[in-house]
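Enquirer: Give me the fold of what follows.
(chains A and B)
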Amino acid sequence: MATLDLKNVRKVYAGAVEAVKKVDLAIPDGALCVLVGPSGCGKSTLLRMIAGLESITEGEIVIDGRVVNDLGPAERDIAMVFQNYALYPHMSVYDNMAYGLRNRRMAKPEIDRRVREAAATLELAHLLARRPRELSGGQRQRVAMGRAIVRNPKVFLFDEPLSNLDAKLRGQMRVEIKNLQRSLGVTSVYVTHDQLEAMTLADILVVMNGGNVEQIGAPLEIYEKPASLFVASFIGAPPMNLLALKPGEGRPVLVDGTTIGGEGLSFSKEAATLGIRPENLFLVTGDSNGSRPDATLDIVVQAIEPVGAESFIYGDAGKERLVIRVAGKTVVEPGAKIRVGANAADLHIFDEAGKRI
Amino acid sequence: MIDNRPSRRIIAHTVLLIGVFIIAFPIYYTFVASTHSLQTILRPPLPLIPGGHFLENYTTALFGGIGRIGGVGVDRLLWNSTIVAVLIAVGKIFISILSAYAVVFFRFPLRMTFFWLIFITLMLPVEVRILPTYKVMVDFGLIDTYAGLTLPLMASATATLLFRQFFMTIPGELVEAARVDGAGPWRFFKDILLPLSKTNIAALFVIQFIYGWTQYLWPLLVTNRNDMGTIVIALRKMISFADADTEWHLVMVTCILAILPPILVVVLMQRWFVRGLVETEK
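Expert: Residues are numbered from 1 along each chain as shown, chains lettered A, B, ... in the order given. Below you'll find the model as predicted:
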C-alpha cells in the first residue's frame, strides 16, 4: 500500500508544447483519484508520466516515499490498464496474466496461485485457456484488470478503461472497478473524459483543462463549489446554466438589462457570470405566496425532454438559453411563458477571468 | 456472387481445366521423358505414356553420378541446392527481422538514414553489383563454398520492408503493456514480436526458399567445382550443344527432381503461407 505524490510536475514536448503545467497532487494510501477533462487536457500525459512511459520535464513523482523519476515502468511497482486492453493476442488469458510475473522470475506455484485467485475474483476461471480474440469486450476488460491485479502493485493506473464498452456494460464495469479497488485497497489513478464516471468513481477528483489543474477535491465538493467557469460547465449533466452579467453592477442584472434578483441580492462588482444548476431552478406559479425565491427570471419554453423520472425544460430568457430540471410529470407546452426562481445559496458567481467569487 | 447454374459451372470448369492442362502438360511430358531410354527420346515422336526405364534412370541419376558433370550424383546437387536455399531464406529472414525491429522500435541517431540505405539496395539487384561482389568473394577465398553461394544473396531490402510494415501495425499500447510487464527489448522481441510474426516468417520463407533454389547467375559465377554446383547449374552443364552428347533421359530426371523440393515446401507450408499473405493475427 502506498501514497502517490506529484510535486510541481511539468511536461514540455519538443517544440515547446506544454502538455502538463506544474501539477501538485497528493493521493493518500488506498484512494482512487480520477483525472477528468476534455481531450487534450493533459490527463493521459500525466498518467503516462506516473507510469514511466513518458519522461518528466520538471518536478518529482514520488511513490510510497521513493522518487521514481528515473525508474523504468517495470521498476516503479505500478500496473496499468490500457484503453484498448493491450492484451497479448497470441497468449492465453492465463499467460497474459502470468507474463509480467514470469518476467519478474516469480516461482511457478506462486504465479499459478495469484493468477487463479485473480481469475476467481474476476469470474474468468473458465476462460483461462482462451485467446483474447475469443473473448467479449467486457471479458477482455477483465483480463486487462486481472493482469494488473496479479502484480499486486503499489499503484493501479487506468487509462480510460471503459471507453470501448457499450453504455450498459460500462455502468456495470464501473461498479466492479470501484468495488475491486476498494476491496484491494490499492492507491489508484483513473483517467476519463466522462464526467459521470469521474463523479461516481472518485475519492479525489482532479479536473484538468489545457494542461492546468482547475480544481482538486471530493466529487460533491467540486459539484457544489466549482472553482472556475470551466469546472462549472464540465462537471454536471446537463451542464450548469451560465448567464452573462452586466459588468460593474454588483447586482444580478443580465447583459440585456433584466434584473433577476430581489432587493436583498447583491454581490461583488467583479461578478461577470452567474451560474445556476438546472436542478436548482424551480417553477414559480402565480399563486405561490409562501417563501419567495431570491431570484426570478421569465423564460419562454422552447422544448421539453421527458426522461421519465425527471424532465428537462429548455427555454430562452432574452438571448440566454437555460435548462431547468423538473419532476417527471410537469406539463409545460413549448411556447409557454413561465417564471423560474432560485435561492441565493444556489447561485454561483464567477469573475471576468472565470474564477469563482 | 456464387452462381450455381450448371451451364455456368461447366464453362468455368472447362476454362480451369484448359488452364491446368497448359501449365501441367510440359511437366507431365518431362516426367514421361524421364522414364524412357535415351534411344527412345532421340527417336521422335516421344510417346505420351511413361516408359519402363523409371527405376533405372532415377537410380543412375541419383546415385550413379552423371558423366557430363564429372560423375557427381543428383543427390549431391539436391543437397547443395537445399543448403543454399535454406541458408538464403533463413539468413534473409534473420537479418531483415532484426533490422526492421531496430528501425521501428528504437530511436537512434540516423535511424531513417539507415532505413533508406537499406531501401535503396532494392534498386540494385544482384546482377548490377555482380562484379564488385565477385571480387570481394574471391578476396575472401569464398569461391566454391556455401558461404560464397549464399552471403551476397542474403541482404534483402524487400524482407526488411515487409517486416517494417508489419511491425508498424502493432499497437503502441501493446509495446507499453510489455514495458509495464517488465519485458526488456530482447524479451519483447522473443515473447511478443516473433510469435506475432510467425505467418509472415512462413510466407517469406517459402518465397525466399524458391528464390534461392532458382538462382542461376550467381551460383554459375561463384562455383567451379562440379560437386559444389546447385542443381540448376548442373542442369545447364549437362546439356551439350551437340545433341547426341546430351544424356536427355538423365536431364529429364534431374528436372523432375529439381522441381520436387520447392513443391514440397509450398505444399507443407501452404496453410501458413496463405495466412501470412492475407491476414495478420491481431
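Enquirer: What count of nearby residues applies to B:N57?
Expert: Neighbour count of B:N57, defined by other CB atoms under 10 Å in any protein chain shown: 23. C-beta: built from backbone N, CA, C; applies to glycine.
Enquirer: Make sure I have this right: it is in a helix.
Expert: Yes. Under DSSP: H, G, I helix; E, B strand; the rest coil, B:N57 falls within a helix.
Enquirer: I'd like the mean pLDDT over stretch A:79-97, please.
Expert: Mean pLDDT, stretch A:79-97: 92.
Enquirer: May I ask you to confirm that A:R321 is in contact with A:I313?
Expert: No. The pair A:R321 / A:I313 is not scored as a contact, 11.2 Å apart, by CB atoms under 8 Å.
Enquirer: B:W116 is in what secondary structure piece?
Expert: helix B:111-120 (DSSP states H and E).
Enquirer: quick revisit: pick out whichever of A:R321 and A:I313 has more residues nearby.
Expert: Here A:R321 and A:I313 are compared on neighbour count by other CB under 10 Å; more neighbours surround A:I313, at 25 against 14.
Enquirer: Name the nearest residue to that one, sequence neighbours excluded.
Expert: Distances taken as CB to CB, 6 or more residues apart in numbering or on different chains place A:I324 nearest to A:I313, at 4.5 Å, with adjacent residues excluded.
Enquirer: partner strands of the helix or strand hosting the one you found, parallel or antiparallel?
Expert: Assigned by DSSP H and E, A:I324 belongs to strand A:320-327. Using DSSP bridges, strand A:320-327 pairs in its sheet with strand A:310-317 (antiparallel).
Enquirer: for chain B, what helix or strand is lowest in average pLDDT?
Expert: helix B:38-42 (a mean of 79; mean pLDDT, DSSP states H and E).
Enquirer: Can you list the buried residues in it?
Expert: B:L38, B:T40, B:I41 (16 or more other CB atoms under 10 Å in any protein chain shown).
Enquirer: now, among the residues you listed, which is nearest to A:K355?
Expert: B:I41 (100.6 Å; CB to CB).
Enquirer: what's the spacing between the residue nearest to the closest one when sequence neighbours are not counted and B:A33?
Expert: Among residues not flanking B:I41 along the chain, B:W248 sits closest, at 4.7 Å (CB to CB, 6+ apart). B:W248 sits 7 Å away from B:A33, taking CB to CB, to the nearest Å as the criterion.
Enquirer: which residues do those two both contact?
Expert: Common contacts of B:W248 and B:A33 (CB atoms under 8 Å, 6 or more residues apart in numbering or on different chains): B:I41.
Enquirer: Wait, A:K355 touches A:P226, no?
Expert: No. With contact defined as CB under 8 Å, A:K355 and A:P226 do not form a contacting pair (10.4 Å).
Enquirer: Low-confidence ranges, chain A, go.
Expert: A:1, A:261-264, A:286-291 (pLDDT under 70).
Enquirer: Okay, helices next: where are they in it?
Expert: Remark: helices assigned in chain A by DSSP state H are A:43-51, A:93-103, A:108-121, A:137-149, A:167-184, A:195-201, A:219-224, A:229-234.
Enquirer: Near chain B, which residues of chain A are found?
Expert: A:51-53, A:72-74, A:78-80, A:82-90, A:99-100, A:103-104, A:147 (CB under 8 Å from any CB of the partner chain).
Enquirer: ok so, going back, who has more neighbours, A:K355 and A:P226?
Expert: Neighbours per residue, other CB under 10 Å: of A:K355 and A:P226, the larger number sits with A:P226, 25 against 13.
Enquirer: And for that one, nearest residue in space, chain neighbours not counted?
Expert: Excluding its sequence neighbours, the residue lying closest to A:P226 (CB to CB, 6+ apart) is A:A232, at 3.9 Å.
Enquirer: Was I right to think that neighbour contacts A:L274?
Expert: No. Using CB under 8 Å, A:A232 is not in contact with A:L274, being 10.6 Å away.
Enquirer: Among these two, which residue is more densely surrounded?
Expert: A:A232 (27 against 23).
Enquirer: Can you pull out the low-pLDDT segments for the stretch 101-250 of chain B?
Expert: In the stretch 101-250 of chain B (pLDDT under 70), the answer is B:241-245.
Enquirer: Please name the residues that touch the spatially most central residue of chain A.
Expert: In chain A, the centroid-proximal residue (CA atoms, centre = their mean) is A:A198; its distance is 2.8 Å. Applying CB under 8 Å, 6+ apart, we find A:A198 in contact with A:V34, A:V36, A:T192, A:L205, A:P219, A:I235.
Enquirer: who wins for neighbours among these?
Expert: Most crowded among the contacts of A:A198, counting by other CB under 10 Å, is A:V36 at 29 neighbours.
Enquirer: Surely it touches A:M208?
Expert: Yes. Using CB under 8 Å, A:V36 is in contact with A:M208, at 7.0 Å.
Enquirer: List the buried residues for stretch A:75-88?
Expert: A:76-88.
Enquirer: Next, work out how far apart B:L162 and chain A are.
Expert: As defined by CB to the nearest CB, to the nearest Å, B:L162 lies at a distance of 19 Å from chain A.
Enquirer: What is the neighbour count of the closest residue to A:L184 other than its chain neighbours?
Expert: Counting by CB to CB, 6+ apart, A:I149 is the residue found nearest to A:L184 once chain neighbours are left out, at 7.0 Å. For A:I149, the neighbour count with other CB under 10 Å is 24.
Enquirer: picking that back up, give the contact list for the residue nearest to A:P226.
Expert: A:P226, A:P239, A:M240, A:L242, A:G275, A:H348, A:F350.
Enquirer: for B:S99, same thing?
Expert: B:I118, B:T160 are the contacts of B:S99 under CB under 8 Å, 6+ apart.
Enquirer: any idea of the angle the helix or strand encompassing it forms with helix B:111-120?
Expert: Element membership for B:S99 (DSSP H and E) is helix B:74-105. Computed with axes from the mean of the first three to the mean of the last three CA atoms, to 10 degrees, the direction of helix B:74-105 lies at 150 degrees from that of helix B:111-120.
Enquirer: burial count for B:R43?
Expert: The burial count for B:R43: 10, using other CB under 10 Å.
Enquirer: can you tell me how far it sits from chain A?
Expert: The value you get for B:R43 to chain A, if CB to the nearest CB is used, is 61 Å.
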